[in-house]
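[1] Show me how the following folds:
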Amino acid sequence: MAATKDQRRLLNRCVENEIPVFVLTGTDACAMTALMAYAAEARSLGCRSEFIKDLEGNVIPDFRAFQKEESEKVKLPD
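    Numbers count the residues shown, from 1 in each chain. Model prediction:
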């Protein structure tokens, strides 16, 4: 899970500064669809190539692998 450290830092910064934040987990059955839509929107809005590369090369593959390897844990969010 290559991007975990950066994600944790971002989450902590948002919480500390009272910035709204939305968290997706590998156990969320809706996560892959949301991530794919987010990646498409980020690309269309012209986000930095490094950001897109991290999203498509680390975050999305981590979610995909978790959901494949731990499919019994994937469920609809409650």
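[2] Check the secondary structure at the residue nearest to the spatial centre of the chain for me.
    Most central in the chain under C-alpha atoms, centre = their mean is residue 59, positioned 5.4 Å from the mean C-alpha point. When states are read from DSSP: H, G, I helix; E, B strand; the rest coil, the local structure at residue 59 comes out as helix.
[3] which non-adjacent residue is nearest residue 66?
    residue 26 (3.7 Å; C-beta to C-beta, 6 or more residues apart in numbering). The C-beta positions use only the backbone N, C-alpha and C, and glycine is treated the same way.
[4] tell me the pLDDT at that neighbour?
    Residue 26 carries a pLDDT value of 96.
[5] Wait, a helix at it?
    No - using three-state DSSP, the assignment for residue 26 is coil, not a helix.
[6] Could you pull up the residues touching residue 70?
    With contact taken as C-beta atoms under 8 Å, 6 or more residues apart in numbering, residue 70 is in contact with 26, 27.
[7] So which residues of the protein form helices?
    Remark: helices assigned in the chain by DSSP state H are 4-16, 31-44, 49-54, 60-69.
[8] in the least confident helix or strand in the chain by mean pLDDT, what's buried?
    Sorting the helices and strands of the chain by mean pLDDT, DSSP states H and E puts helix 4-16 at the bottom, at a mean of 87. Neighbour counts over helix 4-16 (16 or more other C-beta atoms under 10 Å) mark no residue as buried.
[9] before we move on, what about stretch 25-33?
    For stretch 25-33, using 16+ other C-beta under 10 Å, the buried residues are 26, 27, 28, 31, 32.
[10] For the residues you listed, please prepare TSV with the additional fields distance to residue 78.
    Converted to TSV, the buried residues of stretch 25-33 look like this (distance: C-beta to C-beta, whole Å):
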residue	distance to residue 78
26	15
27	11
28	10
31	14
32	18
